[in-house]
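K.L.:
give me a 3D structure for the following:
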Amino acid sequence: MLRRMNLIALTAALIGAFAMGGSAIAARKTCPDGSYPPCNKPPVGETASNNLSYPAIWSEGVMEGFTQSTNVPWEFAPVFYDGVNYYTQKSGEEPVYCVGETDIVPPNTVPAEILCYHGRMNLGISEETGLREFEGDPKVWWLQQRAENKWQVFNIEDPDKTTPVVVTGVDTGDLLESSDVIKAKQIRTEFGLFKHVDAYAPLGLLADPDFTGYRPGACVLDATIPTNCFAAHRMSGAVPGTDQSIAEIQGTDWPGPIDAPDYELLDPREVKMIKNYFDPSIAVPAAAPGTEESEIDPRIVVLDEPLGVDALVYTDCARLIIQKVTGDPAELYWDSDADAEGGSWMPRSVANPPVVDINTWSGSYSVEINAGGGLIYGYNWNTKNFAEGSGAYRLTFLLEGGPSVGGACGVERSTVFDETSMSVNVGERRPATMLSAAALGGTRGEGGAVYVDVEIAIGGGGGGGGGRP
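P.N.:
Next up is the predicted model:
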């Protein structure tokens, strides 16, 4: 197992929430139950205006339009200092001061004209004390979702599509893996793909023959164009006025004094860490007589020293399938021709046809740049309209085959899960299982899959009839 451990990792979340004091900004509208719009719905996907803060590889060369390639100049609003306050100023207009730690009272949000935050890194609210926690000294951070602030770290099209990009780790959303029973009409599903570049020679050769990822001192902001900065941005955490908002606004650290720019980027492996992985080959011992079974799956391998990865991966051959399981999951097998749209789990005596079947190449499924600057495949599953009542469901994230091998993907697939690919940072209740392309056994060029089995409870007779988005 140790041979495989150093190849995979997962993100360690930075998104926090905190309330601030003192503001004259009008309060945002609330729903009848006191929550914030959209009423009775989960958080929506982040908009394309978020900025990529972590290196990314576009396996099939499809770059999802909203993401800049590496050779597009970065843009930052000029920040000035008057001896007391930091501010931005457009020609002929009054200065706009950076928002501070005590300037906004949630649910009020930061006005669009404010482009920077001056304060400490926000770690969120302590579960033990209920107080806001910060880290480090106050500094200036550029805000995301502002037209004047456009930064992207190193992201690249796969230069060698004759050899697929091997995904080294897949993260499945915590809600799916950490709940015995999910009781919600809207269920957030998330999948993230990660890559360790030491095992990826084509990318390394773009920098130099000895390239092994981040190199200290090699990534410095020179004018406005980054040159091969295979590095990550330091993010501020949720800034004032965003702790209860749908799209949290985060920032990246400012280069430093106006007269001496010094923009330090981060080693990606220090940002996204792997804490455990799921090994389905580990035998599950029977519970001793008179003892209760452990709530923690014994197949979860915990790493004493968390490890990091280098890049995120986007594939345009991703497909999400959700099926109700009516029998023993051990009897399920993958059938590439089970449905008109492509494969699903069979037999039908154990798994119903998919109630959700969406994909990236048609635009029904998409990747998001979230508030933390990472790529996430996100989908809000409406169990009222797209489920068949309470019970067990299997959610499958599949790498679909391309046209030349009879697959449905609109481009030739250049991404794969192999025997080294693993499901990482899994939850204790229902860890997701990785299947390599060989283990899946597909006949239409599938590149492997990750699946998680969940139990849902739909109250009020809202099971729905099972439409197919």
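K.L.:
measure Ile458 to Ile187 for me?
P.N.:
For Ile458, the distance to Ile187 equals 10 Å [C-beta to C-beta, to the nearest Å]. Quick note: C-beta positions are derived from backbone N, CA and C, even for glycine.
K.L.:
need the residues touching each of the two.
P.N.:
Any residue near both Ile458 and Ile187 by C-beta atoms under 8 Å, 6 or more residues apart in numbering counts here, and that gives Thr383.
K.L.:
neighbour count for those two, which is higher?
P.N.:
Ile187 (23 against 19; other C-beta atoms under 10 Å).
K.L.:
and Lys195, how many neighbours?
P.N.:
26.
K.L.:
quick check: bridge partners of it?
P.N.:
Counting by DSSP bridges, Lys195 is bridged to Ala311.
K.L.:
touching, it and Val167? I think so.
P.N.:
Yes: counting by C-beta atoms under 8 Å, Val167 is a contact partner of Lys195 at 6.5 Å.
K.L.:
got any ranges where the stretch 251-400 of the chain has weak pLDDT?
P.N.:
251-265, 287-294 (pLDDT under 70).
K.L.:
packing partners for the host helix or strand of Leu307?
P.N.:
Using DSSP states H and E, Leu307 sits in strand 300-308. With contacts taken as 3 or more C-beta pairs under 8 Å, 6 or more residues apart in numbering; DSSP states H and E, strand 300-308 sits against strand 273-278.
K.L.:
mind listing the strands the strand it packs on pairs with, and their directions?
P.N.:
Strand 273-278 is paired, per DSSP bridges, with strand 300-308 (antiparallel), strand 422-424 (antiparallel).
K.L.:
so how far is it from its chain's centroid?
P.N.:
The chain centroid and the centroid of strand 273-278 are separated by 15 Å under C-alpha atoms, centre = their mean, to the nearest Å.
K.L.:
then that strand to PDB, C-alphas only?
P.N.:
C-alpha atoms of strand 273-278 as PDB (Å, rounded to 0.1, in the frame of the first residue of the first chain):
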ATOM      1  CA  MET A 273      -3.900  17.200   1.500                       C
ATOM      2  CA  ILE A 274      -5.000  13.500   1.600                       C
ATOM      3  CA  LYS A 275      -5.900  12.200   5.000                       C
ATOM      4  CA  ASN A 276      -7.100   8.700   4.100                       C
ATOM      5  CA  TYR A 277      -8.100   6.400   1.300                       C
ATOM      6  CA  PHE A 278     -10.500   3.500   0.800                       C
END
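K.L.:
isn't Trp310 up against Pro55?
P.N.:
Not Trp; residue 310 is Asp. Yes: between Asp310 and Pro55 there is a contact under C-beta under 8 Å: 6.3 Å.
K.L.:
how far away is Val79 from Val96?
P.N.:
11 Å.
K.L.:
quick check: neighbours shared by these two?
P.N.:
The contact lists of Val79 and Val96 share Tyr87, Thr88, where a contact means C-beta under 8 Å, 6+ apart.
K.L.:
now the closest residue to Thr443 other than its chain neighbours: how far from Val405?
P.N.:
Closest residue in space to Thr443, ignoring its immediate chain neighbours: Ser336 at 4.4 Å, by C-beta to C-beta, 6 or more residues apart in numbering. In this view, Ser336 and Val405 are 10 Å apart by C-beta to C-beta.
K.L.:
with Glu341 instead?
P.N.:
Distance from Glu341 to Val405, counting by C-beta to C-beta: 16 Å.
K.L.:
other SSEs contacting the helix or strand that the residue nearest to Thr443 is a member of?
P.N.:
Applying DSSP H and E as the criterion places Ser336 in strand 333-339. Using 3+ C-beta pairs under 8 Å, 6+ apart, the elements in contact with strand 333-339 are strand 342-346.
K.L.:
between Glu341 and Val405, tell me which one has more neighbours.
P.N.:
Neighbours per residue, other C-beta under 10 Å: of Glu341 and Val405, the larger number sits with Glu341, 17 against 14.
K.L.:
contacting residues around the more buried one?
P.N.:
So Glu341 contacts Pro354, Asp357, Ala408 (C-beta under 8 Å, 6+ apart).
K.L.:
closest to Glu157 out of the residues you listed?
P.N.:
Nearest to Glu157 among the contacts of Glu341 is Ala408, at 22.2 Å by C-beta to C-beta.
K.L.:
the closest one reaches Leu399, doesn't it?
P.N.:
No: in terms of C-beta under 8 Å, Ala408 does not count as a neighbour of Leu399; the distance is 11.6 Å.
K.L.:
what segments of the stretch 1-150 of the chain are strands?
P.N.:
For the stretch 1-150 of the chain, applying DSSP state E, counting those that start in this stretch gives strands covering 56-58, 80-81, 86-88, 96-97, 99-100, 116-125, 132-143.
K.L.:
deepest of these, which one?
P.N.:
When you average the neighbours per residue for each of these (mean count of other C-beta atoms under 10 Å), strand 56-58 leads with a mean of 25.
K.L.:
and it, what does it pack against?
P.N.:
strand 155-157, strand 311-314.
K.L.:
export those strands as JSON lines, with columns for distance to Phe417 and mean neighbour count.
P.N.:
As requested, the helices and strands packed on strand 56-58 are arranged in JSON lines below (distance: least, C-beta to C-beta, whole Å; neighbours: other C-beta atoms under 10 Å):
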{"stretch": "strand 155-157", "distance to Phe417": "20", "mean neighbour count": "19"}
{"stretch": "strand 311-314", "distance to Phe417": "11", "mean neighbour count": "24"}
